[in-house]
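>>> Just the structure for this:
(one chain, ligands or ions: 2)
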Amino acid sequence: MRDLATRLPSSPRFWRSPLRGPWFTSVLGLVLLAGIGVLFVTGLLSYAAYNPDLSPVNDKTPDKGLLGFYLFAWPTEPSWLYRLTQGVHVTLGLTLIPVLLAKLWSVVPRLFALPPVRSPAHALERASLLLLVGGALFEFVTGVLNVQLEYVFPGSFYPLHFYGAWVFFAAFLAHVGLKAPTAVRNVRRMRAGGGEERDSLVAPRPDAPTVSRRGALWTVGGGSLLLFATSAGRSFDGAVRATAVLAPHGGAEPGRGPNGFQINKTAAYAGIDAAETREDAWRLVVVGPTGTVRLGRAGLLRLPLHSAALPIACVEGWSTSDQWWRGVRLRDLAALVGFDGDAPDVLVESLQRRGAFRSGALRGNQVADPRSLLALYVNGETLSPDHGYPARIIVPAAPGVLNTKWVARMTFGDLG
Ligand SMILES: Nc1nc2c(c(=O)[nH]1)N[C@H]1C(S)=C(S)[C@@H](COP(=O)(O)O)O[C@H]1N2
Ligand SMILES: [Mo]
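Ligands and ions are numbered 1, 2, ... in the order given. Got it, this is the predicted structure:
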C-alpha cells in the first residue's frame, strides 16, 4: 500500500528530479515577472492603438466596460512606435515560451499535492494559481496561434486574448504579492552561499543529477535564444527577414521590386474583383458636412500629392522598414467636404464585402498629420492590387489594420 502511494504523483517521492527547488523556480519566476510585465504593458498599448473607443468598427470588445479605463488617443509620432511596441510584444512573447514551460515544469509537483485544500486561505491560493497557470498558457497559445495561423480565430482572437490577459493579470498580481518576497529571499540566500531553504519542491528522494541547475538554466536560455533568433527578423526586411524561419504565417510571397514587401491579405483573398478597381469603374466617395464628392483616380491625381516614408507594422509582430508612399493628404480630403480647421475623425470603408478589417476609423490627430495619406503609389510605382490598388490609407505609427486597402468611401466627421 505504501509502495503504491509513492508511485502516485500526489506523493513527493514520485518526483525525482534533483533540479527542482526554490532557487530554480525563483530564478525563472523573476525572469517571467519582468518579461510578462513588458508583455502586459505592450499588449495594453496595442489595444489602445486600435482606437477601440472611436467607433464600433474598431471595437472587437464592446463589453470591455471599466477595462477600457486607460484608453488614449494613439499618437502619430514617432512613426515607428507601433513597429517597436508590437515587435517587442510578439518577439518577447515567443522568446519567453521556454522560460514559461520550465517554470511550469519546476512547480508541477504542487499541482498534484494532497490534500488539495488545507484551509480557506490555501484554497484561495490554489484557485489563483489555477487562473495563473491556465491564464498564462491561454495567452501564449492564443498569441502563438494568431501569429502563425491567423485564420483559426474568425474574428474572435481579440476578445479572447484581451479578456484572457486581464484574468491572468489579476491572478498574476495576487501571485506576485504572495511569492515575490520568497523569490527574492531565495535568490539572495543562494548568492550569499547559504544552502537551499527546505521546501516541498525539493525532491526527498532525488535521482542522480544529469545536469546542474545552472546547466538547466543555460538550456532554457538557449531555447529562448533560438526562438528569438528565428523570429526577430520578421520586424525587418531583406536578408534579416530571411532569418525569421518561424515565419510570419505562410502568406503570399511579396516578390521583388517596389511592391515587394510583405502582404497581409491578398486582393484575391479579400474578394476584390479587378473589374471594380479599373480606372473607368472605381470612384472614391468622400462624405462630409458640406456634401459628397466623387473622385476617380484621375481626379485624385489632380489634387496636391505628397510623399511620406512610413512602415507597415502588423499586430502579428511583423513589420516592414519605411516604404516611400505618395498620395493625397487625409486632411486635404477632409477640407474638400467642409473641414478647414480642426481635422475630424474619419470612417474608411473598402471595396471588401466580408472580413473583420474591411473598414476602420481614424482619429482627428491621425487625419491631421501631414504624413497621413490616401496613397496611390508606393516606392515610385502604382500600388499593386495586393497592396491596395487603386488607393489605400497609410498613417504614421498606426497598427497595420488601420491602413485600409482598396478604399471606396471616406466619411469625415464626429464618429461618436
Ligand atoms: N480592406 C482591407 N484592408 C486591410 C486589411 C484587410 O484585411 N482588408 N488588412 C490590414 C492589415 S491587418 C494589415 S497588417 C495591412 C497590411 O498591408 P499590406 O498587405 O499592404 O502589407 O493592411 C490592412 N488593410
Ligand atoms: Mo495586420
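>>> From G380, how far out is the residue nearest to the spatial centre of the chain?
For the chain, the residue lying nearest the average C-alpha position, counting by Cα atoms, centre = their mean, turns out to be V315 (4.7 Å). Applying Cβ to Cβ, to the nearest Å, one obtains 28 Å for the distance of V315 from G380. Bear in mind the C-beta positions are built from the backbone N, C-alpha and C, glycine included.
>>> coming back round to it: ok, the residue nearest to the centre of the chain touching Y47?
No - proximity of V315 to Y47 does not meet the contact threshold set by Cβ atoms under 8 Å, at 9.9 Å.
>>> Look up how far ligand 2 lies from L100.
Here the criterion is Cβ to the ion, to the nearest Å. By it, L100 lies 25 Å from ligand 2.
>>> In terms of secondary structure, what does the strand or helix carrying that residue contact?
Here L100 sits within helix 97-112, counting by DSSP states H and E. In terms of contacts (3 or more Cβ pairs under 8 Å, 6 or more residues apart in numbering; DSSP states H and E), helix 97-112 is packed against helix 22-49, helix 120-148, helix 213-229.
>>> Flag every residue of this structure that's near ligand 2.
Proximity of the chain to ligand 2 is assessed by Cβ under 5 Å from the ion, with 314, 400-401 identified as the residues in range.
>>> Out of these, who's the most crowded?
With neighbours set by other Cβ atoms under 10 Å, the maximum within the residues of the chain next to ligand 2 is found at C314, which has 23 neighbours.
>>> I figured that one hits G400, correct?
Yes - using Cβ under 8 Å as the test, C314 is close enough to G400 to be in contact (4.0 Å).
>>> neighbours around the spatially closest residue to W74 that is not a sequence neighbour, how many?
Across the structure, with Cβ to Cβ, 6 or more residues apart in numbering as the measure, the residue nearest W74 apart from its sequence neighbours is A49 (4.6 Å). With neighbours defined by other Cβ under 10 Å, the count for A49 comes to 22.
>>> can you pull the pLDDT of A49?
Looking at A49, its pLDDT stands at 98.
>>> now swap in A242 and tell me
The confidence metric pLDDT takes the value 84 at A242.
>>> How about the contacts made by it?
The contact partners of A242, taken as Cβ atoms under 8 Å, 6 or more residues apart in numbering, are G233.
>>> State the distance from the residue lying closest to P52 once chain neighbours are set aside to ligand 2.
Excluding the flanking residues, the one nearest P52 by Cβ to Cβ, 6+ apart is D59, at 4.3 Å. Here D59 is placed at a distance of 16 Å from ligand 2 (Cβ to the ion).
>>> what do you get for R110?
Relative to ligand 2, R110 is positioned 39 Å away (Cβ to the ion).
>>> Just give me the neighbour total for that residue.
The number of residues packed around R110, counting by other Cβ under 10 Å, is 13.
>>> Spit out the contact partners of it.
Applying Cβ under 8 Å, 6+ apart as the definition, the contact partners of R110 turn out to be 129, 200-201.
>>> Can you read off the pLDDT for the residue nearest to the residue nearest to the centre of the chain when sequence neighbours are not counted?
Taking Cβ to Cβ, 6+ apart, and ignoring the residues beside it in sequence, V315 has P399 as its nearest neighbour in space, at 5.7 Å. Per-residue confidence at P399 stands at 98 (pLDDT).
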